[in-house]
Every structure is written in C-alpha cells, then in structure tokens.
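> Need coordinates for the below:
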Amino acid sequence: MSDSEELSSKYVLQTVGFDARFPNQNQTRHCFQSYVDYFKCINAKGEDFAPCQQFKRTYRTLCPNEWALQPFNAEPPSDALVEFNLTPEELVYCRNHGPVRVFPEDDYCITIKGMVEQEMSLSLRDIKASYPKISVVAALQCAGNRRNEMGQIKPVHGVGWNDGVIANCRWGGVRLCDVLKRVGVQYQSDIHKAMQMGDDVLLAYEMNDEPLTPEHGGPLRLVVPGVLGARWVKWLDTIIVSAEESPNFYQQRDYKVLPPNIETKDAAKDVWSKYPLVLFVKGYAVPGGSGNVASVHVTVDDGATWTPANLVYQQGKWSWTIWEVELSRVSSSGVVFSRAKDQQGNVQNREGVWNMRGVAYNAWGHKSW
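Purely as a prediction, here's the structure:
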C-alpha cells in the first residue's frame, strides 16, 4: 500500500471542492485529477489555494511539473494533527509564494557575507562534517494560522487557512551561532537571538530524523524557534550580516501586525515601515547590601505588565549587572520603566525619597522613546 493510499483510507480528506474517503489508489488518482484541474483553474486566476495535505506526495508523483511550477499551499485537518506528538512528514503543512525549489544536495552550499571578518562559502557536506549536529523539537506555525476565524470578525487578506498550518517536528542541523562565530560577526548584540546558543536557531537539514524534502525547504533551511514560519527561510543559500533589516518584500511589506484601523492594502502602503515597532532596551543595575541583583523587569504600560530582561553580565556579589531586553509591538512613542530585585527579594521602589544633597536616588529607571 502506498503512502497516499494508506493516508487517504485513514483520514477524511478536506479540500476546496470536495470531502471524501478514498479506499483505493484508482479512486485517489481519479479524484486527484479533479483536484489538479481545480488547482490549475485557481492559479490561472492568480488566487491562492489550500489543498489537502494528505495529497502532497501523490501530487508530487502524479504531477511533477505542476508541483515545481505552481505555489503549493496545503494544510491537514487539525484532528489528524493532534493524534501525533511529532507531526509526521505527510501531515506537515506547506506554504509557498512561488515554485517549490529542488536542489541536489551534493552541490548545495551557503555563503555568509556582509559585516563579517571573513566571508565564507560552505557546502552542505562541510556543514555536516565541521559542526556538531543538534536536534531541537520546535513548533513551526504559519503566521496566518486560523485566519478564517479572524475573517469572521472582519474581512482579511491572505490564504484562507483553518487551524492546521502548524507542525511540531524534531529539527536536526547545526547551530547558526557556531557558523557565525567562525566568520567573525560584528555587532553580535544586534543579532543576539542568532548568536545565543539557548535560542536554538539552526541551519537545519533534517526533519524528524529524515532529510528535509524540497517542499519543506530542503536541503537546508533556517529554524527559528518561537518566531513565525515566514522567518524560517527555506532553501537557504545566503546569509548577509547587515546593520539594516532585509529590504525583502516579505520582511518589509508583509507578515506584520498592523493596527485594527488599517483595513485595506491601500491604507497600509504608508505604514508598513512603522510596524511592528521593536524596542531594544539595555541598562545596568547595582547591588545593595543584601546580595547582588537577581532579576530585572521592564514595563511600557506603567506597571500593568512586566517583561523580564536578560542578565548578560554579572561577576561575583558586588559587580554591576548589565541587562537587555527586546520589546515587540510597542507604540510609536512612550516611556519604558525598569526595576531590579536582589537575591533577598527586595524590589526597587517606584519613587525615590528627595533629599537636599540629591544622593542615594534609587527610583525605577525610565527612558522615553
């Protein structure tokens, strides 16, 4: 029994145009051809289409030319997804804005350039041989997951996804920070997520202990846990270390959370560059007589909510503590407050006590932006 036959007999397949069970390969092929015809029609109109994920391998086998030339977008039903702790390859959604790219693994290489001490090109073979393999279980999720539900509140733009464009997989590859350290990256604090080992950013060549297939970005893709799938770049061949964000369309004019009052693409034209605002805050905290600093938190809503900062330097009991934090989705202006807590649980007061000599002032730190 083939993969497609086994899957089609196990699950109720839900696609645009039909819902059905297919007990044998002939019926699968017959109904699949109807799906292909529909797929061609939708793409001829320039529209996006989300076919059933279970047809992924069948589609690639029966219609290799269409698979390579058309944007392939597919999601499984969520009731099938939650039957597995790790999402099997057949149920991993596909999201593409263009053709699925196919590259021979033996010839594949990646180039790292820009603000580095030494530009470098590495073959996939070099990457596997030169760096330890790391495995990370992480959820990959399309930014538009559950878009259809949001569209019931008010019309939205984009592929009409249900709740199945998410997959929890074991990704295998090498840490991006290990590769970047080798080329000598400048201004490491500005790309701290990529440079911190604990953030598990990978150059991945495996998914669930198998080589990455082309529709999932193989032979090499970026894995950025905790970040929307649009930033998990597939078919990765170049990394440019830059002081500026990428000018790529999907970085600058798509996949951003705009304010609710922006309802049309025309209204969004002049505001894409303003959202989402990301605020990087860095400061120091000093110990008192009851132990060094244990934590620092910041707030941009006058103390209603607090975000923990990362402590990036501290030495012994009496050194100062350097801390930093990145805040997303902040307004275009405001005030950020910081407060520290020491090892005994003492928390910095919001207000300091005035005195004539102006000494020992210890209120919350604050800066405006």
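
> Phi first, then psi, for Arg221.
Main-chain torsions, Arg221, degrees, to the nearest 10: phi -140, psi 160.

> Tell me the pLDDT of it.
Arg221 carries a pLDDT value of 96.

> For it, which non-adjacent residue is closest in space?
Distances taken as C-beta to C-beta, 6 or more residues apart in numbering place Lys234 nearest to Arg221, at 4.7 Å, with adjacent residues excluded. Just so you know, the C-beta spots here come from the backbone N, C-alpha and C atoms, and that holds for glycine as well.

> what sits against that neighbour?
Going by C-beta atoms under 8 Å, 6 or more residues apart in numbering, Lys234 touches Arg101, His216, Gly217, Arg221, Leu222.

> Show me which pair in those is furthest apart.
Arg101 and Leu222 (14.3 Å; C-beta to C-beta).

> Between those two, point out the one with more neighbours.
More crowded of Arg101 and Leu222, by other C-beta atoms under 10 Å: Leu222, with 20 against 15.

> what about the more buried one, distance to Gly352?
To Gly352, Leu222 is 46 Å away according to C-beta to C-beta, to the nearest Å.

> And Val241, by the same measure?
42 Å.

> Now for Pro259, how many residues are close by?
By the criterion of other C-beta under 10 Å, Pro259 has 12 neighbours.

> is it true that it touches Tyr275?
Yes: the pair Pro259 and Tyr275 qualifies as a contact (C-beta atoms under 8 Å) at a distance of 7.3 Å.

> So what pairs up with the residue nearest to Glu119 when sequence neighbours are not counted in the strands?
Sequence neighbours aside, Lys113 is the residue nearest to Glu119 in space, at 4.3 Å (criterion: C-beta to C-beta, 6+ apart). Beta-bridge pairing for Lys113 (DSSP bridges): Ile240.

> count of neighbours near Lys113?
Around Lys113 there are 15 other residues, counting by other C-beta under 10 Å.

> What about the contacts of Lys234, which are in strands?
Per DSSP state E, strands hold the following members of the contacts of Lys234: Arg221, Leu222.

> can you put the contacts of Lys234 in TSV and add distance to Gln152?
Converted to TSV, these look like this (distance: C-beta to C-beta, whole Å):
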residue	distance to Gln152
Arg101	35
His216	30
Gly217	31
Arg221	33
Leu222	33
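
> what sits against Cys142?
Cys142 sits next to Tyr93, Arg95, Trp161, Val165, Ile166, Leu228, Gly229, Ala230 when contact means C-beta under 8 Å, 6+ apart.

> Between those, which sits nearest Ser338?
Taking these together and measuring to Ser338 by C-beta to C-beta, the closest member is Leu228, at 27.8 Å.

> which SS state does Arg182 fall under?
At Arg182 the chain is in helix, as set by DSSP: H, G, I helix; E, B strand; the rest coil.

> Let me know the pLDDT of Gly17.
27.

> that older thread, doesn't Ser242 make contact with the residue nearest to Glu119?
No: if you go by C-beta under 8 Å, Lys113 and Ser242 don't touch, sitting 9.6 Å apart.

> Show me where the stretch 151-300 of the chain has its helices.
Per DSSP state H, counting those that start in this stretch, the stretch 151-300 of the chain carries helices over the ranges 176-183, 192-195, 249-252, 265-268.

> Ok, which of the ones you listed comes nearest Tyr205?
Of all the helices of the stretch 151-300 of the chain, it is helix 176-183 that lies closest to Tyr205, at 12.7 Å by C-beta to C-beta.

> contacting residues around that closest one?
Contacts of helix 176-183 (C-beta under 8 Å, 6+ apart): 112, 116-120, 122, 127, 131-132, 191, 194-197, 201-203, 222, 239, 241.

> Now list the buried members of the residues you listed.
The neighbour count (16 or more other C-beta atoms under 10 Å) marks 112, 116, 120, 122, 127, 131, 191, 194-195, 201-203, 222, 239, 241 as buried among these.

> ok, of the residues you listed, which one's closest to Thr321?
Of all the buried ones among the contacts of helix 176-183, Thr321 sits closest to Met195, with 19.8 Å by C-beta to C-beta.

> Can you show me the strands along the stretch 151-300 of the chain?
For the stretch 151-300 of the chain, the strands defined by DSSP state E, counting those that start in this stretch occupy 166-175, 202-207, 210-211, 221-223, 238-241, 277-285, 293-299.

> try the stretch 1-150 of the chain
Under DSSP E, counting those that start in this stretch, the stretch 1-150 of the chain gives strands at 13-15, 18-20, 109-114, 120-123, 134-141.

> so where is the stretch 151-300 of the chain shaky, pLDDT-wise?
187-190, 276 (pLDDT under 70).

> what's the burial count for the nearest residue to Val241 once chain neighbours are set aside?
Excluding the flanking residues, the one nearest Val241 by C-beta to C-beta, 6+ apart is Gly114, at 3.9 Å. Gly114: 14 surrounding residues under other C-beta under 10 Å.

> Please report how far Gly114 lies from Ser242.
Separation of Gly114 from Ser242 (C-beta to C-beta) stands at 5 Å.

> go on, Asp178?
Distance, Asp178 to Ser242, by C-beta to C-beta: 20 Å.

> check contacts around Glu105.
Per C-beta under 8 Å, 6+ apart, neighbours of Glu105: Leu124, Pro211, Gly218, Pro219.
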